[in-house]
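*Asks:* Got a predicted model here, sequence first, then my questions.
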Amino acid sequence: MTVAAMALAVARSAGADEPPEVEVRGEPIASPPKEPSVAGSVIREERLGAPGLQAGDVLRTQPGVTVLETGGYGSPSTASIRGATAAQTPVYLAGIRLNDDVGGTADLSLVPLWLLHRVEVYRSNAPLAGDQLGIGGAIFFEPRRPRRTEVSAGVLSGSFDAHALWAVAGGGDERAAGLVGVRLEGARNDYPFVNDAGTRFEPGNSKTVRLTNADERSAGVWAIATARLGEEGRADLVVNVVDRDAGLPGLPLFPSTRARVHIERELGGLTAAVPCAMHGCVITTTSAAIVSTARYDDPAREANLGTTEVELDATRVEESVAVRWSPSDHISLTPDVRASEERIAIDAAGVTSVRAQRQFSRAALQGEWAISDSVTVRALGGAECHGTSHSGVPPWTLPGDVTGPPHGGACGQLEPSGRIGAQVGHAPLTLLANAGRYARVPTLSELYGISGAARGNSALVPETGISVDAGIRAAGSSRGVFRGAAIDLFGFVRLASDLIAYQRSSWGYAIPFNVGSARVAGVELLAEYAPAPFFFFELAATVIDPRNTSALRPANDILPYQPELTVVPRVQLRAPIRASPIDASKLSVTYFYESSRYADPAGLVVIPEQGSLDLDAEIGAFRDRVVLRGRLVNLLDQTRFDLIGYPLPGRAVYVALEAKW
């Protein structure tokens, strides 16, 4: 019915004397604002409102991004970029890194899409705004900042007892603004799947069963405030509290019934930017803290934790100061200093407790030189100092301090990193190239952690590498056959030593290990075409070749968990509906394809290729004060498995109704 109404609206407009009032709010390929010279993309607010949509669903439509899921609505998921792991890919919300040391990764299911203005994906090295300059790129979630009074509330209902309630209130102007949001959600996630009982080549042994112990309930509160400081300064505050209780479903062969996890997280951050005495100078300071707790309860020992109770507590506090100075219209310099301290505590019944900490500091300098109107060079260099300890003593000490660790010294591990890039040309055709050196030490969770899906490995050593990429951004002319066309095409190569990857153990959980050396090469494409005002087409595609190049590599040299081909086409239609009180309608059709992946270094366990056809529809009424949205996921009901063999849902339907004042 929605499609027919849209077609009728378009036909009526085309037959009228006046120009058709039909518009598709397409999303022209934009440079990522924090570092416009690197490969990246921007996802705007318009695409974040579909019911049942989670951050992982949004990110997997972007080139170079791989998303690992563990189940249905509200279940944990992670993202990685260009063959990296999720721990190598920092994720930020309002400038605060969400990767914590409970899991070493950012759980995308806890990201509030309903509160966001846009998502920025950086596929090359992370920008200076990130606290670490690793190879895994970076993902920034930017919240909305209201400029007027607004109140909204909504309700969601969906398959497998998915449900949600939320309310948002905010107000402000150019001088000050604030926004508060509350969301309650949950799902039973008892979806059916085909269980082959571990005998894939014996079809007679397969049967359809329902997933057990996969329910999820969560509650989250977000508060955002911004205020002008004088005529040119600004301060931003963000606070979040989230509480989640969920089951640990286990692998299909060994379904669980009683294993549970309870997660609590609190975060807060304050960023202030004020002009300094020199002309063209701005000082930006950031203070942030994140505290996470995860409690695992496994009375029947179904989750292979090695014990019946485990509690993990992680804390990170960080400070940063950056000074951007533009001595001329063509040159800018930005020195940046950051420091943080992380702590993790693991207490388990009948097992020795673990106490680990890390102190991190970084000094970096970024420079930008506009050589001419068509050529800009950007360079970034830094040195990172890491100190790690799990013995209860400080990670490092000052010289002469006999109470510290045996190695002494002011820095446990000193790792340099840097990048240089060039941007040649300007719209409609821009050429980009970047080269960089990176280093990353294992997270505390990778070294000592434990969870329902992963275990730590204290033998891990830091990984280092070199990355090179080059590409073009091009847009068609305003007339002719290429009107409304744009393309973003990049090729890249990364050479890594002691790369940290994951392999599945015989017990069903993943363990990190140092590969030795590896090479990841690939090509990324993001293209769009809007030949008519009511039609928009987008295509994202990634081809990568992730290889283990170690001298003692297994016969299968393809790195685990890396799909070699990902293709995501998307079509969007939008048109007004002249049937009061309905104002407009929108329909989006997306197909996601991901090739098969190996789940172990030897290539004996294969995660099959994945596919999902999704439909999103939206109808606005009363000048968009009431919006009805629907989403049909995996329309073709294709079988999907992810991560270490967890079955993913088949066909599902979500409907949401939101009212705004």
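*Replies:* In hand now; what should we look at? Quick caveat, the model's predicted, so the values are computed rather than measured.

*Asks:* what's across from residue 297 in the sheet?
*Replies:* Assessed by DSSP bridges, residue 297 has beta-bridge partners residue 260, residue 309.

*Asks:* Make 49 the starting number, not 1.
*Replies:* Okay, residue one is now 49; in that scheme the one you just asked about reads as residue 345.

*Asks:* correct me, but it touches residue 359?
*Replies:* No - Residue 345 is not in contact with residue 359 according to C-beta atoms under 8 Å; the separation is 9.6 Å. Every C-beta, even on glycine, is put in place using the N, C-alpha and C of the backbone.

*Asks:* For the helix or strand hosting residue 575, buried residues please.
*Replies:* Taking DSSP states H and E as the definition, one finds residue 575 inside strand 565-580. Judged by neighbour count (16 or more other C-beta atoms under 10 Å), strand 565-580 contains these buried residues: 565-578.

*Asks:* what pairs with the longest strand anywhere in the chain, and is each one parallel or antiparallel?
*Replies:* Using DSSP state E, we find that the single longest strand of the chain is strand 399-418. According to DSSP bridges, strand 399-418 forms sheet pairs with strand 379-396 (antiparallel), strand 423-437 (antiparallel).

*Asks:* Kindly export the first one (C-alpha atoms) in CSV.
*Replies:* Yep, that's strand 379-396 we're talking about. Extracted in CSV, the C-alpha atoms of strand 379-396 (Å, rounded to 0.1, in the frame of the first residue of the first chain):
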residue,chain,number,x,y,z
ILE,A,379,48.9,26.6,7.7
SER,A,380,47.6,25.2,10.9
LEU,A,381,49.3,23.3,13.7
THR,A,382,47.6,21.3,16.5
PRO,A,383,49.7,19.9,19.3
ASP,A,384,47.8,17.4,21.5
VAL,A,385,48.5,15.8,24.8
ARG,A,386,46.5,12.9,26.3
ALA,A,387,46.7,10.8,29.4
SER,A,388,44.5,8.0,30.8
GLU,A,389,44.4,5.3,33.4
GLU,A,390,42.6,2.0,33.1
ARG,A,391,41.9,-0.6,35.7
ILE,A,392,40.3,-4.0,35.5
ALA,A,393,39.4,-6.4,38.3
ILE,A,394,38.2,-10.0,37.8
ASP,A,395,36.8,-11.9,40.8
ALA,A,396,35.6,-15.5,40.3
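
*Asks:* Would you pull up how far it lies from the middle of the chain?
*Replies:* 19 Å (C-alpha atoms, centre = their mean, to the nearest Å).

*Asks:* One more: the shortest one?
*Replies:* Remark: strand 423-437 is offset 22 Å from the chain centroid, using C-alpha atoms, centre = their mean.

*Asks:* which residues make contact with stretch 590-602 from outside it?
*Replies:* 111-113, 130-131, 563-573, 605-607, 610-615, 649-651 (C-beta atoms under 8 Å, 6 or more residues apart in numbering).

*Asks:* circling back to that earlier point, pull the distance from the longest strand of the chain to the chain's centre.
*Replies:* For strand 399-418, the distance to the chain centre is 20 Å (C-alpha atoms, centre = their mean).

*Asks:* which intervals of the protein have sub-threshold pLDDT?
*Replies:* Applying pLDDT under 70 to the chain flags the ranges 49-76, 148-152, 182-183, 245-252, 299-301, 439-458, 497-502, 526-529, 551-557, 691-693.

*Asks:* For the host helix or strand of residue 166, buried residues please.
*Replies:* Secondary structure assigned from DSSP H and E places residue 166 in strand 164-170. With burial defined by 16+ other C-beta under 10 Å, the residues of strand 164-170 counted as buried are 164, 166, 167, 168, 169, 170.

*Asks:* Tabulate those (JSON lines), appending distance to residue 307.
*Replies:* Shown next, in JSON lines, are the buried residues of strand 164-170 (distance: C-beta to C-beta, whole Å):
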{"residue": "164", "distance to residue 307": "32"}
{"residue": "166", "distance to residue 307": "37"}
{"residue": "167", "distance to residue 307": "33"}
{"residue": "168", "distance to residue 307": "36"}
{"residue": "169", "distance to residue 307": "34"}
{"residue": "170", "distance to residue 307": "37"}
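
*Asks:* Tell me how far residue 286 lies from residue 278.
*Replies:* 21 Å (C-beta to C-beta, to the nearest Å).

*Asks:* Residue 319 now?
*Replies:* 16 Å.

*Asks:* ok, the two, which is more surrounded?
*Replies:* Counted by other C-beta atoms under 10 Å, residue 319 and residue 278 do not tie: residue 319 has more neighbours, with 19 against 8.

*Asks:* Counting by contacts, list what the one helix or strand residue 495 maps to packs against.
*Replies:* Assessed by DSSP H and E, residue 495 sits inside helix 492-496. Using 3 or more C-beta pairs under 8 Å, 6 or more residues apart in numbering; DSSP states H and E as the contact test, the elements touching helix 492-496 are strand 379-396, strand 399-418.

*Asks:* Moving C-terminal from that helix, which element do we reach first?
*Replies:* Once the chain leaves helix 492-496, the next helix or strand it forms, by DSSP H and E, is strand 511-523.

*Asks:* Distance from the chain centre to that following strand, please.
*Replies:* The mean C-alpha position of strand 511-523 is separated from the chain mean by 19 Å, C-alpha atoms, centre = their mean.

*Asks:* repeat for stretch 347-357
*Replies:* Worked out by C-alpha atoms, centre = their mean, stretch 347-357 lies 30 Å from the chain centre.

*Asks:* what's the answer for stretch 468-481, then?
*Replies:* Mean-position distance between stretch 468-481 and its chain equals 26 Å (C-alpha atoms, centre = their mean).

*Asks:* Straight-line length of it, end to end?
*Replies:* Terminal residues of stretch 468-481 lie 8 Å apart, using C-alpha to C-alpha, to the nearest Å.

*Asks:* Dump the strand holding residue 575 to CSV, restricted to CA.
*Replies:* Taking Å, rounded to 0.1, in the frame of the first residue of the first chain, the C-alpha atoms of strand 565-580 are listed here in CSV:
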residue,chain,number,x,y,z
SER,A,565,52.9,-11.2,10.3
ALA,A,566,49.9,-10.5,8.1
ARG,A,567,48.9,-8.5,5.0
VAL,A,568,45.5,-7.1,4.4
ALA,A,569,44.8,-5.6,0.9
GLY,A,570,41.5,-4.5,-0.4
VAL,A,571,39.3,-2.2,-2.5
GLU,A,572,36.3,-0.2,-1.1
LEU,A,573,33.5,1.4,-3.1
LEU,A,574,30.8,3.8,-2.1
ALA,A,575,28.6,5.1,-5.0
GLU,A,576,25.3,6.9,-5.2
TYR,A,577,23.0,7.9,-8.0
ALA,A,578,19.9,10.2,-7.8
PRO,A,579,18.7,10.6,-11.4
ALA,A,580,15.3,11.8,-10.3
